[in-house]
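> sequence first, predicted coordinates after that:
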Amino acid sequence: MSFHKQKTLKKPIQLKGFGLHSGKPVNLTIKPASPNEGIIFIRKDLNKNNIIYPHVNNVTSAMLCTTISNEFNVKVSTIEHLMGAFYGIGIDNAVVEIDNEEVPILDGSAKVFVDEISKAGIEIGETPIKVIRINKLIDFKEGAKSISIQPSKINLEIDFEIKYKNQLIGNQRNTLKVYEDDLEDILNSRTFCLYEDIEKLRSMGFAKGGSLDNALVVKDSKLLNKDGLRNKKEFVNHKILDCMGDLFLSGYKVIGKIKCSQGGHKLTNDLLRKVFQNKNNYSIFEINEKNIPHSLVYRQNLKSIA
């Protein structure tokens, strides 16, 4: 099986749920798409001007979630888990039809998206994957928060840490090579919040659809979710999922080394914008047997670039 060709779904899938922040019901259909079509969002509740492309230049808000809009101010929000799912299992082309302004939160991770896409099957085409390779160190800082990306031979390496005063969350760090390592813990990790922040978030218009069914909630040193954590580093692993989804807004799979401390949607978005400010910062090319190591072309567990 060739792992360096573009992929899409074999057949459509349908999902329904509620928006994490809007609390509104939403139906979502993911359909196969042609090679080089990329990911496309279509607001089916609107009759015109309803196509939105998930690209960093179309991000209009990165506060607590990633929101994209088109030139007609039509938006789709909380796209990061779905985009992370696409990245994690190697979907390059798909049409996402949605009948409201926010992607359903489902269980708060990418697990349901991944499971349903896997059930539908993945179609491997003949068109080579295009990737964006980082050519030099690019960094971005905002107070105590920082993120950087630098060249890597053929992988997306992520080194992510979070620092919370909360005793249960505390300081967590994880590192991985996205195109080689098992991503199950990353894709299954749920969004989280502190109990004391809930009312503030809702007063700001966020988390109206949040519950223990779709988010980890930490109160003092206790996790309120009865089923516990899915993995020991679920908090930082969810941040890595978000990072993967936001990096896919480059329009390509990324080859580079990410190092992030206390980051989030905004920081990743700011980093990508800085990358695209200068064409010398990156190169875009097609993956084939000649320009990537033989071992990676044929690895059976290569998931994303794949």
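Great, that's in hand.
> domain parsing of this structure, as residue ranges.
As recorded under automatic domain parsing, the domains making up the chain are 5-129, 131-297.
> turn these into a markdown table, including mean neighbour count and mean pLDDT.
Quick note: C-beta positions are derived from backbone N, CA and C, even for glycine. A markdown table is the format used below for the domains of the chain (neighbours: other Cβ atoms under 10 Å; pLDDT from 0 to 100):
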| stretch | mean neighbour count | mean pLDDT |
| --- | --- | --- |
| domain 5-129 | 19 | 97 |
| domain 131-297 | 18 | 94 |
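> ok now the helix or strand where residue 119 lies, how far from the chain's centre?
Here residue 119 sits within helix 111-120, counting by DSSP states H and E. What separates the centre of helix 111-120 from the centre of its chain is 15 Å, taken as Cα atoms, centre = their mean, to the nearest Å.
> show residues contacting that helix.
Contacts with helix 111-120, where a contact means Cβ atoms under 8 Å, 6 or more residues apart in numbering, come from 9-13, 15, 30, 81-82, 85-86, 88-89, 91, 106, 187-188.
> mind running it again at 6 Å?
Helix 111-120 has contacts (Cβ atoms under 6 Å, 6 or more residues apart in numbering) with 9, 10, 11, 13, 82, 85, 89, 106, 187, 188.
> so how far is residue 81 from residue 98?
Taking Cβ to Cβ, to the nearest Å as the measure, residue 98 falls 13 Å from residue 81.
> swap in residue 30?
As judged by Cβ to Cβ, residue 30 and residue 81 stand 13 Å apart.
> let me know the secondary structure of the residue lying closest to residue 63 once chain neighbours are set aside.
Sequence neighbours aside, residue 266 is the residue nearest to residue 63 in space, at 6.9 Å (criterion: Cβ to Cβ, 6 or more residues apart in numbering). Secondary structure assignment for residue 266 (DSSP: H, G, I helix; E, B strand; the rest coil): helix.
> wait, residue 266 touches residue 62, no?
Yes: contact criterion Cβ atoms under 6 Å: residue 266 and residue 62 qualify, at 4.0 Å.
> who are the contact partners of residue 45?
Here residue 45 is in contact with residue 99 (Cβ under 6 Å, 6+ apart).
> measure the nearest residue to residue 21 once chain neighbours are set aside to residue 251 for me?
Nearest residue to residue 21, sequence neighbours excluded (Cβ to Cβ, 6+ apart): residue 206, at 4.7 Å. Separation of residue 206 from residue 251 (Cβ to Cβ): 28 Å.
> could you dump stretch 179-189 to CSV, C-alpha only?
Only the C-alpha atoms of stretch 179-189 are listed here, as CSV (Å, rounded to 0.1, in the frame of the first residue of the first chain):
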residue,chain,number,x,y,z
TYR,A,179,4.0,10.6,11.3
GLU,A,180,5.6,7.7,13.2
ASP,A,181,4.1,7.5,16.7
ASP,A,182,0.7,6.0,17.7
LEU,A,183,-1.7,8.9,17.9
GLU,A,184,-4.5,7.1,19.7
ASP,A,185,-4.0,8.9,23.0
ILE,A,186,-3.8,12.3,21.2
LEU,A,187,-7.0,11.7,19.2
ASN,A,188,-8.9,10.4,22.2
SER,A,189,-8.0,13.2,24.6
